[in-house]
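Q: Please work out how this folds:
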Amino acid sequence: MANIYGVDLGTCNLKIFNKHTNKIIKEKNTISIINKNQLYAYGDNAYAMYEKAPEHIQVSFPVVGGVIADYNNMQTMIQEILEKNSKGHVKGSDFIVAVPTDITEVEKKAFYDLFYKSKMKPRSVQLCDKPIADAVGLGLDVNEPTGVMIVDIGADTTEISVISLSGLVLSELLHFGGNRMDESIISYIKKTYNLVIGQKTAMQLKERIGSALPGREGSLTIVGLDVVSGLPIEMNIEAGTVYEAMKDNLANICNAIKMILEKTPPELARDIIHSGIYLTGGGSQICDMDKLFTEITNIAVNTCEEPDETVVKGLSLVVTNEKYKHLAYSMRTRIFR
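A: Presented below is the predicted three-dimensional model:
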């Protein structure tokens, strides 16, 4: 019997549900290249080299802004990961792939072809809209005529969607997320303290002492390069500094949520007020993010455990539960019907 895989190609993390083992494989969506086109390492091993590799090893992320930027290496990496974790259950399998909503048909086809035209020779490839998979992974019954609002904050994108009756009523894909906040922290610390820090250090500051609301206590000692002397120095950074660095990015997400709510039909808006806004994605784990959105919208915000895995958990239900199988569609029927 053919195995089935549910795949969520996130910018930061690659998540794959394996029906045969009923487990989720999770690796950093990172590759390192040697000799310009030869895959040297992938996943967590490649991410460990990020910002540390010598010049002849290039470390990159094959998914940028929610779409596939490095098709060939992405395909090779998925194949390697699946073969390592599946013990010979890859060829002739069925795949269901989560895709962002506000992308072109050409970009969507790249997600489809990544598997359909691979050496894995799949039996079938189907796509599922990411917000729909998100909702299913949150334990919501998307088949009901009830309005649900989901805010998914990823590394490179933030997707805000209103769902009802298994379909998207409204959806907006913002081309910024957690990575943009890291960049803002890097810029702010350089401007304020004449200190140059790396992306990983910025991410550490965001995750450990970052907050979506002012007033958080705490500090973190980091190492960076002094702009004046050019030497590495240690510096203690306060939580308030990280908030100041991120606040404009957070305001942009808040404005986008308000705009979607303004466009939402009144009956669906009533459902959203009743059930609350659902917050998912790795970027949603910043302290007090739910309180900020409640403050802005006056609507309760629901959070969940492991918010970066809701999409792949949703795909696992689409794969295994008859009730949700209709949520996946084939790219071929979309193009030729």
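
Q: Contacts only, for Leu250.
A: 181, 212, 289, 292 (C-beta atoms under 8 Å, 6 or more residues apart in numbering). Glycine gets a C-beta too; all of them are placed from N, C-alpha and C.

Q: Actually, His175.
A: 65-66, 156-157.

Q: Just the buried ones among those, please.
A: For the contacts of His175, a burial check counting by 16 or more other C-beta atoms under 10 Å picks out 65-66, 156-157.

Q: and which of the residues you listed is nearest to Thr192?
A: Set against Thr192, the nearest of the buried ones among the contacts of His175 by C-beta to C-beta is Asp156 (25.5 Å).

Q: Give me the neighbour count for the closest residue to the closest one other than its chain neighbours.
A: Once flanking residues are discounted, Asp156 sits nearest to Thr11: 4.0 Å by C-beta to C-beta, 6 or more residues apart in numbering. Neighbour count for Thr11, taken as other C-beta atoms under 10 Å: 22.

Q: Now the host helix or strand of Leu220: average pLDDT?
A: Leu220 is located in strand 219-226, with elements delineated by DSSP states H and E. In this model, strand 219-226 has an average pLDDT of 97.

Q: again, but for stretch 53-67
A: Rounded mean pLDDT across stretch 53-67 is 93.

Q: which one of the buried ones among the contacts of His175 sits closest to Ile4?
A: Looking across those and measuring by C-beta to C-beta, the closest to Ile4 is Gly66, at 23.9 Å.

Q: Pull the contacting residues for that closest one.
A: 11, 100, 103, 154, 156-157, 159, 173, 175.

Q: What are the buried residues along the strand holding Leu220?
A: 219-220, 222, 224-225.

Q: Return the distance of it from the chain's centre.
A: Put simply, strand 219-226 sits 27 Å off its chain's centre (C-alpha atoms, centre = their mean, to the nearest Å).

Q: repeat for stretch 146-157
A: 10 Å.

Q: Below-threshold pLDDT in the stretch 201-337 of the chain: ranges please.
A: Counting by pLDDT under 70, the stretch 201-337 of the chain shows low-confidence ranges at 332-337.

Q: Same question for stretch 24-32: list its buried residues.
A: Quick answer for stretch 24-32 (16+ other C-beta under 10 Å): 24-32.

Q: What are the boundaries of the helices in the chain?
A: Taking DSSP state H to define them, one finds helices in the chain at 43-49, 71-86, 105-116, 130-137, 178-193, 199-209, 239-263, 266-275, 289-297, 310-320, 331-336.

Q: thought Asp308 was touching Gly282?
A: Yes: contact criterion C-beta atoms under 8 Å: Asp308 and Gly282 qualify, at 3.9 Å.

Q: thinking again about what came up before, dump the C-alpha coordinates for the strand holding Leu220 into PDB.
A: C-alpha atoms of strand 219-226 as PDB (Å, rounded to 0.1, in the frame of the first residue of the first chain):
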ATOM      1  CA  SER A 219      18.100  41.500  29.700                       C
ATOM      2  CA  LEU A 220      20.500  39.300  27.700                       C
ATOM      3  CA  THR A 221      24.200  39.500  27.300                       C
ATOM      4  CA  ILE A 222      25.300  39.200  23.600                       C
ATOM      5  CA  VAL A 223      28.500  39.400  21.700                       C
ATOM      6  CA  GLY A 224      28.900  41.700  18.600                       C
ATOM      7  CA  LEU A 225      31.500  43.700  16.700                       C
ATOM      8  CA  ASP A 226      32.200  47.300  17.800                       C
END
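
Q: Tell me the strands beside it, with direction?
A: strand 195-196 (antiparallel), strand 232-238 (antiparallel) (DSSP bridges).

Q: out of the contacts of Leu250, who's nearest Asn3?
A: Met289 (36.5 Å).

Q: can you pull the contacts of that closest one?
A: Met289 touches 153, 212, 250, 279, counting by C-beta under 8 Å, 6+ apart.

Q: what ranges of the stretch 1-150 of the chain fall below the confidence cut-off?
A: Across the stretch 1-150 of the chain, the ranges flagged by pLDDT under 70 are 1, 88.

Q: So which of the buried residues of stretch 24-32 is the closest to Asn236?
A: Once C-beta to C-beta is applied, the member of the buried residues of stretch 24-32 that ends up nearest Asn236 is Lys28, at 28.8 Å.

Q: quick one: terminal-to-terminal distance for stretch 17-36?
A: End-to-end distance of stretch 17-36 (C-alpha to C-alpha, to the nearest Å): 31 Å.

Q: what do you get for stretch 62-69?
A: OK, stretch 62-69 end separation, C-alpha to C-alpha: 5 Å.

Q: Equivalent analysis for stretch 6-20, please.
A: 11 Å.

Q: which one is Ala328 nearest to, not counting chain neighbours?
A: Gln126 (3.9 Å).

Q: Surely the one you found touches Tyr329?
A: Yes: using C-beta under 8 Å, Gln126 makes contact with Tyr329 at a distance of 6.2 Å.

Q: When those two are compared, which one has more neighbours?
A: Gln126 (24 against 13).
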